[in-house]
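# can you look at this prediction? I've put the sequence above it.
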6 protein chains.
Amino acid sequence: MKKLVLTGAAGRLGSYLREPLTQMCEELVSTDIAEDIGTLYPGERYEKGDLASLDDMMRILEGADMVVHFGAFVDEGPFEQLLGPNFIGAYNVWEAAHQRGLRRVVYASSIHAVGMYPKNECIDTEVRHRPDTFYGLAKCFAEDLGSMYWDKRGLESVHLRILSCAQVNNARALGSWLSYDDLIQLVQRSIDTPVSGFSIVYGVSNNDRAPVDNAKASFLGYRPKDNAEQFAEQVLAETGPLDNQDPGHMCHGGPFASVDLGQSGLAGMNVIDDAKKT
Amino acid sequence: MKKLVLTGAAGRLGSYLREPLTQMCEELVSTDIAEDIGTLYPGERYEKGDLASLDDMMRILEGADMVVHFGAFVDEGPFEQLLGPNFIGAYNVWEAAHQRGLRRVVYASSIHAVGMYPKNECIDTEVRHRPDTFYGLAKCFAEDLGSMYWDKRGLESVHLRILSCAQVNNARALGSWLSYDDLIQLVQRSIDTPVSGFSIVYGVSNNDRAPVDNAKASFLGYRPKDNAEQFAEQVLAETGPLDNQDPGHMCHGGPFASVDLGQSGLAGMNVIDDAKKT
Amino acid sequence: MKKLVLTGAAGRLGSYLREPLTQMCEELVSTDIAEDIGTLYPGERYEKGDLASLDDMMRILEGADMVVHFGAFVDEGPFEQLLGPNFIGAYNVWEAAHQRGLRRVVYASSIHAVGMYPKNECIDTEVRHRPDTFYGLAKCFAEDLGSMYWDKRGLESVHLRILSCAQVNNARALGSWLSYDDLIQLVQRSIDTPVSGFSIVYGVSNNDRAPVDNAKASFLGYRPKDNAEQFAEQVLAETGPLDNQDPGHMCHGGPFASVDLGQSGLAGMNVIDDAKKT
Amino acid sequence: MKKLVLTGAAGRLGSYLREPLTQMCEELVSTDIAEDIGTLYPGERYEKGDLASLDDMMRILEGADMVVHFGAFVDEGPFEQLLGPNFIGAYNVWEAAHQRGLRRVVYASSIHAVGMYPKNECIDTEVRHRPDTFYGLAKCFAEDLGSMYWDKRGLESVHLRILSCAQVNNARALGSWLSYDDLIQLVQRSIDTPVSGFSIVYGVSNNDRAPVDNAKASFLGYRPKDNAEQFAEQVLAETGPLDNQDPGHMCHGGPFASVDLGQSGLAGMNVIDDAKKT
Amino acid sequence: MKKLVLTGAAGRLGSYLREPLTQMCEELVSTDIAEDIGTLYPGERYEKGDLASLDDMMRILEGADMVVHFGAFVDEGPFEQLLGPNFIGAYNVWEAAHQRGLRRVVYASSIHAVGMYPKNECIDTEVRHRPDTFYGLAKCFAEDLGSMYWDKRGLESVHLRILSCAQVNNARALGSWLSYDDLIQLVQRSIDTPVSGFSIVYGVSNNDRAPVDNAKASFLGYRPKDNAEQFAEQVLAETGPLDNQDPGHMCHGGPFASVDLGQSGLAGMNVIDDAKKT
Amino acid sequence: MKKLVLTGAAGRLGSYLREPLTQMCEELVSTDIAEDIGTLYPGERYEKGDLASLDDMMRILEGADMVVHFGAFVDEGPFEQLLGPNFIGAYNVWEAAHQRGLRRVVYASSIHAVGMYPKNECIDTEVRHRPDTFYGLAKCFAEDLGSMYWDKRGLESVHLRILSCAQVNNARALGSWLSYDDLIQLVQRSIDTPVSGFSIVYGVSNNDRAPVDNAKASFLGYRPKDNAEQFAEQVLAETGPLDNQDPGHMCHGGPFASVDLGQSGLAGMNVIDDAKKT
């Protein structure tokens, strides 16, 4: 591959992907809304861009083969706050990818697109959407967008429904953890699979308690290696009894499933601590 | 019911609903972006409002029990054109409905949310989204929005995936036709069903060739009476051989399934004749 | 058919079946725990018997071809109260039927075997049990019993999951009503079908709002004729807004789905008015 | 349509189709292995041909738009006997249809392609094959052939799995009957549907006891009018108790499901009376 | 966890659980109908109790957090024999658990709840019940009971459908074996999972030939380590040809699937050797 | 086992099976159409035979317990060329196996029976047939044949849908590879499983990218050990961009899915290089 683009390169997950992605292409163009992202890796170039600007995306995707789209506002917030980066941003990436003739979008979707399913109901990659937040709603939007661009324009996309990619410090994470190594493998498989069409896959490590089923995406070859069970004893010891009538404990979406949308809807930023994020 | 709101009251389908809806409530508030909609029916009041304005929706929905949301840009167009009325508009209606304490949104969704399925694959109300256009993508968005507001806030919604509600003058319409009388019945059932939760139902008459399955929404009690087969002989006589490699003929979405998004995406309005619309 | 047995002949539904059943056999033996059931129909004989007594069942089923088993305690009550007539009674009927060489049991099962499913989720005849009461639990028991006697001993059974067979005076009944005529047809089909194996079918009229799906039992030939929609206008006019967080309004089981088991479990009889039964 | 071909025109079902098919085209070419088929209808031409000869099929299908393929050996027999007309014959029809550029094959498939399913298990049009005889096995073969020619060559086909098309004189026929009028409607719909792709539909009348589900083929618009229930009282009165361990009574295939293949396999013609045939 | 109760502590499986369970709580109360169970482990207390007595269960469960319910008559027997310990006993445990405010019941269910499915049909945890014995019927009863107490009262339960937990000395056990270590892990996961709702999971080791699918219960984190394949060579060498028309060899339930209920039904104890037990 | 028969013993896959199969029986009779197959293994006997001759099969299967049927024309070709060895040959093997009282046929079926499914749609062992070639059509035929002989005559069969068993030198093979060791294990499991009924299983190694799901055949105990991922880096480096509109790259059947049947149909042998073969 000649040119690969990574959006959200200044973000937490994006930062972890930069180095490995340089190994998969001649030139990695990292982009984000920040002025710069510090020292670059060999083969990497940084180009500032705003997801909410189609012109920016058109410029940055020119000549690229694929785009790894991780750029977004990465927390729940009022719809107005997510509209630009998460909704319009996704449209701009797909539309620019199409116009620039890219082959594939690899997209950081999220469990929050289906976060309202009860956790003791294992979900596969074909269940209908049940978003738990505006954040999850934006992921649903991008998945449907990807479906349409594949059906109508032959632009491929792989949608990585990441469960949680952060320190394992709560009971939910014993099932939902995606290690950085497994994240990297997942992105690599999504890139190197020769043909993908429109595909959805859960981003989760090989946890004993992983509550989702990737069988229908098996052709991708994603085989996670890490297992959060190593943290189980300590985490469970620190976990008090949980309220099983609270969607935050019973649903796939975790805290996002119980957050009060009424608060987030119009009243500004809804700060949720790091470990609860995607 | 005391107060019922109808959006899109100046539109083709909205116009047909005004009179019947006045029979179901003490006061029908019709709204649209037009200055006025002509003579009002007894019990009807008109209030101008812009779907893209949350303030307008907050004002108009105040004190209402339910809203019948038919307002939208009703054709395929560039994403930019649909963003305001169809995406943000839907958000505004649901958010205002929530804040104003309404019980239910009855929404004009569309077959175009799943238009890319082949027509010889009968689809039920639980298949995943496969939109055929930006127009269909907006319907997907509103369905997911409705799912979230029900799961998180207890706001009910019934999503009417209308197949086609226009003159039967082509072969597809023999299966997809929704008569005006059946449209009215469908909206009535969606309103008078005592509890609905989040529900999806196809809007189609009792056509011999109806290609969709409403079994899973049976509790609504929608039993269409009309049948497009009365037009079959004439329509088929005028239909030349159709290209079965063309999604416009093989898919549920009909012409929308084969329209070139590349053209509509950035190049302005894509005029499609009336009979092809939802 | 020579001899047919009807249990629960003194009950409300049993009373309606006596006359029609005499038309289907040379001798109808009606049985119940009462001393007598009044005037008998031509071809009918009454024999007192206690379901909780295997000896009684052995005596009464001797020489019979089939048994229509409608006898039970027909309301929710403490487990202790239902144990005899509904659990042990069902065992006695099946075991006696087996030992006496009967061909088939036609059983009055109930929607309450699956009453905890939400009503806007149409259920077919293969969903797993979700009983809403001890009453429903006893129906689950008898269905599983019937499955086993068919698989192991070749004793057929048809399980009629009756939704509600009473006056249509509430919103739920618009969907759940089973008219007496349709009940009779349902029992007749269950008897005259030449082979039945183990089968489950919902007992509901041809209501516009029927929330269940009998497609998988189509071979039985049950085609209900009545439709509760005739009562819709009046019933809905008298129905106030319903709480959609109450299982009694959102679930198939209706009032049984929201009844407090804690009360019924040990504290004696839980009186529910007639229209809420079965 | 200019030219339509009917194979098996001298057969029982073929004979019924000749006249109606002349109404659907400018020229109907009827073909069979017989020397002639008596008086022709206006617009009909007879051409003798052997299904087992590709040359014959190439000649007869030249210039045709569609072929209604009902020609076959229509009873169970040794594999050797069915090989020519039913297997090779089907191949010849599809291959010639492809080479001659026809649009569609309408094929008389049979319930015997899935005859080993128990009758109290309602089957839809997507279950895997479970043939009950060599006759049924040939139907499986032709369905798979049709699937391949559609997927690889764009040649459409509609496969009519006829249950039984004969006098209603046994209990099975109460469910399986296909009246001649409904047969004609079924063939007409299969011809006049503008696009069909590869489709399967059960050929059965609107019988109360019909044990199959055509929901997935609804786009075809087949709505049978006749109902074998009119014969139920008399037929059931004459039906003795049936052995529910006999596949001939418990399975969809009826007598074919219990016929001893060991006898038919090598020992020559297996004569089954008329009413038992497809 | 403060107090954990184990029923059936004197039984074969119960005995293996006592020591590991003491590691999971401050106090383990072991109970059974025996006078004593020998030397106790540190942290263990024994309390005699009869499952058939609600008073006993109320007394023993007082103050407990969870109960591991393994007490039952553990063989096939006449219904009368199982009624007390297996049916009424299960009711008493759930009702007392509810009244005493426990969080969860971990229950020794069994493959015999679904034993009549053919073994070459892999079954998941959502198939409908198909019990093979009265023993299995009691397991169905307790599963339905657990479903109801969760739906109605928020009492959680995990139902362990144990396949066979005994020496691997026959061909069936190559697939059905549950090692003691894996049994212990399974019970541990069912206890330490923070929320469980109502869940079903198969109790089987990581056997190459395991014929069941636990994917839908993946959130529990049960990952068995042992594999009966180590015994395959020897066991298969000693296995003569098996009759594939015998449910005892073709069905999941093994010998229980072919046992003659007619014998067990009324004639007293049906002794089956140890290896055939659950 | 006393006598085991292997057909296609001179073929590529057959050759690999000869030695291992001699370990599983007292006498292995290898057969093929060749005059001889070189040096025999201890316990092996060679007997020339033509699959297209029932007499040959009757002679060779006499006294055998099972037959491993790998003989066939192993490439796509005109229907006429496959008719003898692949269609009639399969019939002869099953019919002779039945007449000679064998217990089981282990059959080399192929992914090409379902080759037209898109690769990003993971397929299980119950999907309907979608053959990609005449070669695949013959596999469909034999599977249906096996289903019938099991349902009607109790003759077991295990159908191994081999994906590709050859050097891993293209991208598809990273998912489809079946190593020789895993092939041998698969055949062994199919032979030593005590009862099999009619079963289908995919023949594929434990590849990270394996695109099929064997969960429903888990009772067989097939657990492949090899993994084509070891070849991924090199193979992918040599793979240019693939056309995702080409069924040869998007479908399970690989090159067979895009081969022009029109060419193979009548014009003689269609040579495909070795690595593309089953």
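Yes, it's here.

# mind telling me which residue of the stretch 101-250 of chain A is nearest chain C?
Of all residues in the stretch 101-250 of chain A, residue A:245 sits closest to chain C, with a separation of 12.1 Å (C-beta to the nearest C-beta). Quick note: C-beta positions are derived from backbone N, CA and C, even for glycine.

# roughly how far apart are the closest residue to that residue other than its chain neighbours and residue C:45?
Using C-beta to C-beta, 6 or more residues apart in numbering or on different chains and skipping the chain neighbours, the partner closest in space to residue A:245 is residue E:154 (6.4 Å). When distance is defined by C-beta to C-beta, to the nearest Å, residue E:154 is 50 Å away from residue C:45.

# residues near the residue of the stretch 101-250 of chain A closest to chain C, how many?
Other residues near residue A:245 number 9, with proximity taken as other C-beta atoms under 10 Å in any protein chain shown.

# quick one: it is in a strand?
No: read with DSSP: H, G, I helix; E, B strand; the rest coil, residue A:245 is coil and lies in no strand.

# give me the pLDDT for it.
Per-residue confidence for residue A:245 comes out at a pLDDT of 93.

# neighbours around the residue in the stretch 51-200 of chain A that chain D sits nearest to, how many?
Using C-beta to the nearest C-beta, the single residue of the stretch 51-200 of chain A nearest to chain D is residue A:126, 16.0 Å away. Residue A:126 is flanked by 12 other residues according to other C-beta under 10 Å.

# do residue A:183 as well
Neighbours of residue A:183 (other C-beta under 10 Å): 23.

# so it, which state does it fall into?
Here residue A:183 is helix, with the state taken from three-state DSSP.

# and the closest residue to it other than its chain neighbours, how far from chain E?
Nearest-residue entry for residue A:183: residue A:165, 5.8 Å, with adjacent residues in sequence omitted and distances by C-beta to C-beta, 6+ apart. Noted for residue A:165: a distance of 19 Å to chain E, by C-beta to the nearest C-beta, to the nearest Å.

# residue A:165 touches residue A:14, doesn't it?
No: in this structure, residue A:165 sits apart from residue A:14 without contact. The criterion is C-beta atoms under 8 Å, and the distance is 11.3 Å.

# element containing the residue of the stretch 51-200 of chain A closest to chain D, please.
Element membership of residue A:126 [criterion: DSSP states H and E] is none; it lies in no helix or strand.

# for residue A:244, give its distance to residue E:195.
4 Å.

# so what sits against both of these two?
Shared contacts of residue A:244 and residue E:195, defined by C-beta atoms under 8 Å, 6 or more residues apart in numbering or on different chains, are found at A:250, E:156.

# what about the helices in chain A?
Taking DSSP state H as the criterion, chain A contains helices spanning A:12-22, A:54-61, A:79-82, A:89-99, A:134-153, A:173-176, A:180-192, A:232-237, A:247-250, A:255-258, A:261-266.

# any idea of the mean pLDDT for the third one?
In this case it means helix A:79-82. When pLDDT is averaged along helix A:79-82, the result is 97.

# any weak-confidence spans in the stretch 51-200 of chain A?
The stretch 51-200 of chain A contains no residues with pLDDT under 70.

# I'd say residue A:11 and residue A:68 touch.
No: with contact taken as C-beta under 8 Å, residue A:11 and residue A:68 are classed as non-touching, separated by 11.8 Å.

# neighbour count for these two, which is higher?
When neighbours are counted by other C-beta under 10 Å, residue A:68 comes out ahead of the other of residue A:11 and residue A:68, with 27 against 21.

# contact partners for residue A:256?
Taking C-beta under 8 Å, 6+ apart as the definition of contact, the neighbours of residue A:256 are A:76, A:112, A:115, A:132-133, A:135-136, A:248, A:272, A:276.

# same list (these) but as a markdown table, adding neighbour count and distance to residue F:105.
Converted to a markdown table, these look like this (neighbours: other C-beta atoms under 10 Å in any protein chain shown; distance: C-beta to C-beta, whole Å):
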| residue | neighbour count | distance to residue F:105 |
| --- | --- | --- |
| A:76 | 25 | 59 |
| A:112 | 29 | 50 |
| A:115 | 30 | 49 |
| A:132 | 32 | 52 |
| A:133 | 28 | 55 |
| A:135 | 30 | 55 |
| A:136 | 28 | 51 |
| A:248 | 17 | 55 |
| A:272 | 17 | 60 |
| A:276 | 19 | 57 |
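
# any chance of CSV for the residues you listed, columns distance to chain C?
Conversion of the contacts of residue A:256 to CSV gives the following (distance: C-beta to the nearest C-beta, whole Å):
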residue, distance to chain C
A:76, 24
A:112, 23
A:115, 19
A:132, 18
A:133, 21
A:135, 25
A:136, 22
A:248, 18
A:272, 26
A:276, 26
